[in-house]
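J.: pasting the sequence and the predicted coordinates here, then a few questions.
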Amino acid sequence: MTVTDPRFQPSLVEQFVDEGRVQGKAEGRAEGKAEGKADAVLLFLTTREIPVAPDAEARIRSCDDLDVLDELIRRATMAPDVDALFDGLDV
């Protein structure tokens, strides 16, 4: 049974709000993943006692590309210094 009475139809505003809510949740999850991966990079570096200058930390934290962050995590486990971490990457 299809309801055709406009009083029982979701309004356009409600539809936009719902779409915005869904999009906001997805963006929030992606931002959370990026923050967690950036934290992992920094944790590996500090655990290995590799100095991280404020500008390098800012570069890592500003990255929102999850694939690049995965590569930074891999490199942080072996890189001799922070400069080697960024070699060939657009971060």
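T.: Nice, thanks for sending it over. Numbering: from 1, shown residues only.

J.: what are the ranges of the helices in the chain?
T.: 12-47, 54-62, 66-76, 82-86 (DSSP state H).

J.: for those, give me JSON lines that also has mean neighbour count and mean pLDDT.
T.: Just so you know, the C-beta spots here come from the backbone N, C-alpha and C atoms, and that holds for glycine as well. Compiled in JSON lines, those are given as follows (neighbours: other Cβ atoms under 10 Å; pLDDT from 0 to 100):
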{"stretch": "helix 12-47", "mean neighbour count": "13", "mean pLDDT": "78"}
{"stretch": "helix 54-62", "mean neighbour count": "14", "mean pLDDT": "97"}
{"stretch": "helix 66-76", "mean neighbour count": "17", "mean pLDDT": "96"}
{"stretch": "helix 82-86", "mean neighbour count": "17", "mean pLDDT": "95"}
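
J.: what residues are up against the spatially closest residue to residue 61 that is not a sequence neighbour?
T.: Of all residues not flanking residue 61 in the chain, residue 38 sits nearest, at 4.9 Å (Cβ to Cβ, 6 or more residues apart in numbering). Contact partners of residue 38, counting by Cβ atoms under 8 Å, 6 or more residues apart in numbering, are 60, 61, 63, 69, 72.

J.: from those residues, which single one is nearest residue 53?
T.: Ranked by distance to residue 53 (Cβ to Cβ), those are led by residue 60 at 10.7 Å.

J.: that concludes my questions; thank you for your assistance.
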